[in-house]
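1. Need a 3D model of the sequence below.
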Amino acid sequence: MIEISNRSVKKLRPEKELVDPNRPYLWLNEEEIQADGVLRSVNTIFLTNRECPFKCTMCDLWRHTLDEPTPDGAIPEQICFALDRLPDADVIKLYNSGNFFDGKAIPRKDYQAIADLLSGYEHVIVENHPKLIGDFIPQFRDLLNGTFEIAMGLESIHPVVMPKLNKQITRESYCKASEFLVSNGIDLRAFILLNPPFLTDPEENIEWCLKTVEFAFDCGASACSVIPTRDGNGIMEKLREDGAYVPPTLSAFEEVLDRAIGLGRGRVFADLWDLEKFSDCSSCFETRKTRMHQMNLNQIIQKPIECSCRG
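-> Numbering: from 1, shown residues only. As a prediction, this is how the structure comes out:
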């Protein structure tokens with residue numbers, strides 16, 4: 001079995017994509033139900049910036065990042081570029097393949113310019129690592145006209161899996177970071193993995209995913225995004241070959257979404273990107289995907305889709 005370290009994670013990577021520091025690598029508009037139960041229009045901008053310093057085992061977000069610190073002024077220019085191409089919306093997500101409050105990824109001298117560009121939004125969401133917590137967060141919050149939310153990767157609280165993900169967090173450190181955000185009036189969203197590496201039993205994967213969802217809500221999260229763990233970053237293929245990673249099934253993902261929403265403790269979203277990777281039936285895939293999408297939008301458990309593939 002391969003030993004997990006920053007070096008081994010980087011060694012097995014394919015090449016990065018070519019990116020422009022003055023352009024976001026993706027932008028899109030969608031709808032998402034908010035904490036008040038209202039469905040609102042959401043713009044998401046995927047910023048191009050310096051690569052995250054944490055080398056998580058399962059991560060492939062480094063593909064669209066820079067090797068050097070982000071130039072001053074580049075992030076406001078990227079936001080301007082995307083906003084010119086996006087419709088009006090109530091909520092905006094600035095996702096940057098890492099940590100918004102890493103000063104080498106998002107220069108702090110650009111905070112005011114960024115806040116000015118976001119002045120028309122009611123709610124702003126960014127992503128950040130639980131270790132990068134400090135007074136600079138409420139200072140940025142105070143520059144915004146609307147409310148503020150931070151998404152933090154919790155991934156899995158399984159005692160064996162958590163340290164092997166190379167994220168450098170513990171349950172305690174995640175709780176501490178969450179308490180800081182909640183006490184400062186900042187909403188918390190948790191990213192959670194279904195079928196992380198090093199956990200291969202199907203039933204255990206479902207149960208530990210749900211335990212992690214409950215833990216996130218215990219920490220004060222108002223929303224959880226469940227992500228089916230994918231290969232494609234180099235080391236995950238190696239772990240799959242070694243039997244240390246097993247992709248989730250679509251049925252398992254559906255069960256987690258049903259049961260997590262059924263907890264009634266907060267919003268739960270299923271990450272549906274590239275969902276076809278986890279399906280083995282073309283006859284029912286689209287209707288099952290539509291069902292999960294509707295559940296994302298209304299947070300109401302829908303009737304299961306019947307198909308001969310499900311017995």
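
2. three-state assignment of the residue nearest the centre of the chain?
-> Centroid-nearest residue in the chain, with Cα atoms, centre = their mean: residue 191, separated by 4.7 Å. Under DSSP: H, G, I helix; E, B strand; the rest coil, residue 191 falls in the strand class.

3. Please report how far residue 31 lies from residue 235.
-> 35 Å (Cβ to Cβ, to the nearest Å). Glycine gets a C-beta too; all of them are placed from N, C-alpha and C.

4. Just to be sure, residue 93 is in a strand?
-> Yes. Assigned with three-state DSSP, residue 93 falls within a strand.

5. That one contacts residue 125, correct?
-> Yes. Residue 93 lies in contact with residue 125 (Cβ atoms under 8 Å); the separation is 4.4 Å.

6. which residues of the stretch 201-311 of the chain fall in helices?
-> Secondary structure of the stretch 201-311 of the chain (DSSP state H, counting those that start in this stretch): helices at 202-218, 235-241, 250-262, 285-298.

7. Same list, those, but as TSV with mean pLDDT please.
-> Shown next, in TSV, are the helices of the stretch 201-311 of the chain (pLDDT from 0 to 100):
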stretch	mean pLDDT
helix 202-218	98
helix 235-241	97
helix 250-262	98
helix 285-298	98
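
8. ok so, going back, which one of residue 31 and residue 235 has more residues nearby?
-> residue 235 (24 against 14; other Cβ atoms under 10 Å).

9. In contact with the more buried one: list those residues for me.
-> Each residue near residue 235 by Cβ atoms under 8 Å, 6 or more residues apart in numbering is listed here: 2, 4, 8-9, 12-13, 57.

10. Which ones among those residues lie within helices?
-> 8-9 (DSSP state H).

11. out of the contacts of residue 235, which one sits closest to residue 249?
-> Proximity of the contacts of residue 235 to residue 249 (Cβ to Cβ) peaks at residue 57, which lies at 21.1 Å.

12. re earlier: which one of the contacts of residue 235 is nearest to residue 78?
-> Using Cβ to Cβ, the contacts of residue 235 come closest to residue 78 at residue 13, 24.0 Å.

13. just checking, the closest one touches residue 61?
-> No. Using Cβ under 8 Å as the test, residue 13 is too far from residue 61 to be in contact (11.8 Å).

14. Buried only: go through the contacts of residue 235 for me.
-> 4, 8-9, 57 (16 or more other Cβ atoms under 10 Å).

15. thinking again about what came up before, export the helices of the stretch 201-311 of the chain as JSON lines, with columns for distance to residue 71.
-> Converted to JSON lines, the helices of the stretch 201-311 of the chain look like this (distance: least, Cβ to Cβ, whole Å):
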{"stretch": "helix 202-218", "distance to residue 71": "35"}
{"stretch": "helix 235-241", "distance to residue 71": "30"}
{"stretch": "helix 250-262", "distance to residue 71": "39"}
{"stretch": "helix 285-298", "distance to residue 71": "36"}
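
16. How many residues are close by the residue lying closest to residue 47 once chain neighbours are set aside?
-> Using Cβ to Cβ, 6 or more residues apart in numbering and skipping the chain neighbours, the partner closest in space to residue 47 is residue 96 (4.1 Å). For residue 96, the count of nearby residues is 26 (other Cβ under 10 Å).

17. about what we covered before: mind checking the SS state of the closest residue to the residue nearest to the centre of the chain other than its chain neighbours?
-> Distances taken as Cβ to Cβ, 6+ apart place residue 153 nearest to residue 191, at 4.3 Å, with adjacent residues excluded. Of the three states, residue 153 takes strand according to three-state DSSP.
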